[in-house]
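Asker: requesting a structural model of the entry that follows:
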Amino acid sequence: MDYVIAGNVMIDTVRFPDGRQSDGDHIGGPATFAYSGVKLWTDSVMQCSNVGEDYHRLFDEWMERNQVIGDGIKVKVEHCNHSFIVFQEDGTYKADQGVKRFRSDWIQDFGYMKTSPQEIEVWTKGGGVKGVYIAQNVDRVFWRDMHEIKARDGFKLMWEIEGPSAYLSYMDEVMNALRDVDIFSINIQEARNLFGVETEEECIGKLQKLPVDMTLFRVGERGLYSVTPREAYYLPPAPSDEIVDPTGCGNTSTGAALYAYGEGYDPLMVGIMANVASARNISQFGVIPDMLGERERSWAQARELYDRYRKEYAGKLAKEGYGHGYWNQ
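Answerer: Coordinates of the predicted model:
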C-alpha cells in the first residue's frame, strides 16, 4: 500500500444561509475526504480511522462501490461523530449548537476515535509506504511517537493542521511538529491566526520560512497556492460540473496534494491535482460518490490545466529546477 490516510470520520449535515440544506446525513470527516482525494488517482491507498457502529449505515455501500479497503477502519464506539455545519454569508462555517445529539457526553467519543501513531504504524511497518496524511493537533507526545515511526519507516508526511492549534500562541508546538513534516496544509484563516497577519502575501512570506518542502495554502473560493521556500504558484479553482457543497474540499485537495507530492510531481502539478480533486468534491453533498468513475476525467483535466499554466510559471519552475514536464527531476 503506497498511501495511508489517518484521522477522524464524521457524519455531516449541512445548511446554507439561503436555507438550502443537505437532504439528510452524508459521509464526511477529514480522513474520509482526504482518502477520496488520493483514491481519485490511485487504488493503492487505505484509510486508518476509528468509527462508530452506525458507520455501516452510510459507508458500506460507498465502500463497496469504490473498492475501499476496510482493514484500517475499526469500530470503537456506538456512534460516529455527527457534525451539524452551518455556513455563513462570508463562506466560513460554525457548528449548530442547538441540535440535540444522541447523548449528552458525545464529546467524549472524539477521544475514543482519535487515531494514534500506534494505529498508523500497523500499516507503515516494513517501509513500503510512500506517504501518510494526518489531520492533527500539536500534542508533543503524538509528534514524538510519529517522529520515531517516520524515521523507521521512511514515508513522506502530510500534516493538515487542525484549526484549534493554528494560533500564534502555539507556534513553538507547531514548529516542533513541523520538524517531521514534508508537506503542510493550511487554510487562509488558520494562517492568519497562526502568524498574526492578514493578507495572502504576508501569509505566504511566513509559510516560506517554515522548515517544510512545500505548503498547500488554501484560500477558499479563490483556490490555492503551492508554496515552496523560494516560490508561490497561485492556482484558481478547477472548473467543476456544479457548485453544491464545499464541505471537505480542503481535506480532499490535501489528500490529492499528498499523492501528487509523493509521486514526484512538481509544485504546479501538485496544486493542480489538489484543485481538480476539490472540483470533484464540491459537485455534491458529501464525499465523491464514484471515485473510480471520475479518475480518467480527472487525469485529463489535470493535464489540460498543467499545459495551460505551465507557460505562465515556466520561469519559476526553471528557477527551482523543474524543467521536465510534471516531474520533480
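Asker: for the rest of this, base every contact and every neighbour count on C-alpha atoms.
Answerer: Noted.
Asker: any idea where the strands of the stretch 101-250 of the chain begin and end?
Answerer: Per DSSP state E, counting those that start in this stretch, the stretch 101-250 of the chain carries strands over the ranges 131-136, 156-161, 183-187, 214-218, 224-227, 232-235.
Asker: return the most buried member of the ones you listed.
Answerer: Stretch with highest mean neighbour count among these: strand 214-218 (a mean of 28; mean count of other CA atoms under 10 Å).
Asker: list the contacts of residue 60.
Answerer: The contact partners of residue 60, by CA atoms under 8 Å, 6 or more residues apart in numbering, come to none.
Asker: now it: which helix or strand?
Answerer: Per DSSP states H and E, residue 60 falls inside helix 55-65.
Asker: buried ones in that helix, by neighbour count?
Answerer: By neighbour count on 16 or more other CA atoms under 10 Å, the buried set for helix 55-65 is 55, 62.
Asker: how about stretch 10-29?
Answerer: Applying a neighbour-count criterion of 16+ other CA under 10 Å, one finds 10-16, 21-22, 25-29 buried in stretch 10-29.
Asker: could these be laid out in CSV, adding secondary structure, distance to residue 244 and pLDDT?
Answerer: Below are the buried residues of stretch 10-29 laid out as CSV (DSSP: H, G, I helix; E, B strand; the rest coil; distance: CA to CA, whole Å; pLDDT from 0 to 100):
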residue, secondary structure, distance to residue 244, pLDDT
10, strand, 19, 82
11, strand, 17, 79
12, strand, 14, 74
13, strand, 13, 75
14, strand, 11, 72
15, strand, 11, 75
16, coil, 10, 75
21, strand, 10, 73
22, coil, 9, 69
25, coil, 15, 81
26, strand, 13, 80
27, strand, 15, 81
28, strand, 15, 84
29, coil, 17, 89
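Asker: can you redo the residues you listed as a markdown table with distance to residue 160?
Answerer: A markdown table is the format used below for the buried residues of stretch 10-29 (distance: CA to CA, whole Å):
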| residue | distance to residue 160 |
| --- | --- |
| 10 | 16 |
| 11 | 20 |
| 12 | 19 |
| 13 | 22 |
| 14 | 22 |
| 15 | 25 |
| 16 | 25 |
| 21 | 27 |
| 22 | 26 |
| 25 | 24 |
| 26 | 22 |
| 27 | 19 |
| 28 | 16 |
| 29 | 13 |
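Asker: low pLDDT regions in the chain?
Answerer: Applying pLDDT under 70 to the chain flags the ranges 22, 84-86, 88-111, 323-325, 327-329.
Asker: what about the helices in it?
Answerer: Taking DSSP state H, the helices of the chain run over residues 30-39, 55-65, 108-113, 117-124, 140-153, 171-178, 188-195, 200-207, 249-262, 267-281, 291-310, 314-319.
Asker: hmm, back to that, redo the strands of the stretch 101-250 of the chain as TSV? Include distance to residue 316.
Answerer: Listed next are the strands of the stretch 101-250 of the chain as TSV, based on distance: least, CA to CA, whole Å:
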stretch	distance to residue 316
strand 131-136	26
strand 156-161	23
strand 183-187	19
strand 214-218	14
strand 224-227	11
strand 232-235	8
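Asker: and for residue 126, nearest residue in space, chain neighbours not counted?
Answerer: Excluding its sequence neighbours, the residue lying closest to residue 126 (CA to CA, 6 or more residues apart in numbering) is residue 153, at 6.5 Å.
Asker: wait, doesn't that neighbour sit right on residue 123?
Answerer: No - Residue 153 lies out of contact with residue 123 (CA atoms under 8 Å); the separation is 10.0 Å.
Asker: and these two? Which one has more around it.
Answerer: residue 123 (21 against 16; other CA atoms under 10 Å).
Asker: list the contacts of the nearest residue to the more buried one once chain neighbours are set aside.
Answerer: Distances taken as CA to CA, 6+ apart place residue 4 nearest to residue 123, at 7.3 Å, with adjacent residues excluded. Shown in contact with residue 4 (CA under 8 Å, 6+ apart): 45, 46, 47, 48, 120, 123, 124, 129, 131, 132, 133.
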